[in-house]
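Below is the structure, and that's it, no one-letter string:
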């Protein structure tokens, strides 16, 4: 009797593993494409700007965000939050974050921001781009 229980337990584990491998709980992986480009502010290359692509995906579909920080020449390349190179193919909202911006101490007038507030948060004016498998480069010129 003991041998039967052991065989039943092993058989149950194998069946459970097979069901999992055959699709029970399986998640479709998002299609990614290489995304790189240049960020400029008023026509000049801008360093230390984080570029974020937030994919617009159907409910239940995967859609990792992707981001990259511009170098001294304004160049950037996006990587997903999982560390994969690229961004999700399809429509993406684009946000820009100034990595050099600091909060001024209370009572001190802050420097004007390099990036307009509408480009830092998602809203009705948020820029949207379409990522295709062959759509790089993405060049942005921020006007402030």
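All right, it came through fine. All figures in this text were calculated on a predicted structure; none of them were measured in a lab.

Regarding the closest residue to residue 121 other than its chain neighbours, what is its secondary structure?
In this structure, residue 121 finds its nearest non-sequential neighbour in residue 95, 7.2 Å apart by C-beta to C-beta, 6 or more residues apart in numbering. Just so you know, the C-beta spots here come from the backbone N, C-alpha and C atoms, and that holds for glycine as well. Here residue 95 is recorded as strand under DSSP: H, G, I helix; E, B strand; the rest coil.

Assess the claim that residue 95 and residue 54 are in contact.
Yes. Contact criterion C-beta atoms under 8 Å: residue 95 and residue 54 qualify, at 6.8 Å.

Burial check on residue 45, number of neighbours?
Residue 45: 15 surrounding residues under other C-beta atoms under 10 Å.

Please give me every residue in contact with the closest residue to it other than its chain neighbours.
Leaving aside its sequence neighbours, residue 45 sits nearest to residue 74 (C-beta to C-beta, 6+ apart; 3.3 Å). By C-beta atoms under 8 Å, 6 or more residues apart in numbering, residue 74 lies in contact with 38-40, 45-47, 49.

make it 6 Å
Applying C-beta atoms under 6 Å, 6 or more residues apart in numbering, we find residue 74 in contact with 38-40, 45-46.

ok, it to residue 91 distance?
Distance of residue 74 to residue 91, computed by C-beta to C-beta, to the nearest Å: 24 Å.

phi, psi of the residue nearest to residue 135 when sequence neighbours are not counted?
Computed as C-beta to C-beta, 6+ apart, the closest residue to residue 135 that is not its neighbour in sequence is residue 33, at 6.5 Å. Residue 33 adopts backbone torsions of phi -140, psi 150, taken as degrees, to the nearest 10.

Residue 33 pairs with what?
residue 87 (DSSP bridges).

just checking, it touches residue 86?
Yes. Residue 33 lies in contact with residue 86 (C-beta atoms under 6 Å); the separation is 5.3 Å.

Please say which of the two ends up with more neighbours.
Neighbours per residue, other C-beta under 10 Å: of residue 33 and residue 86, the larger number sits with residue 86, 22 against 17.

hey, where'd the helices end up in this protein?
Taking DSSP state H, the helices of the chain run over residues 2-21.

Could you list the low-pLDDT ranges of it?
The model of the chain has pLDDT under 70 over residues 1-28, 58-62.
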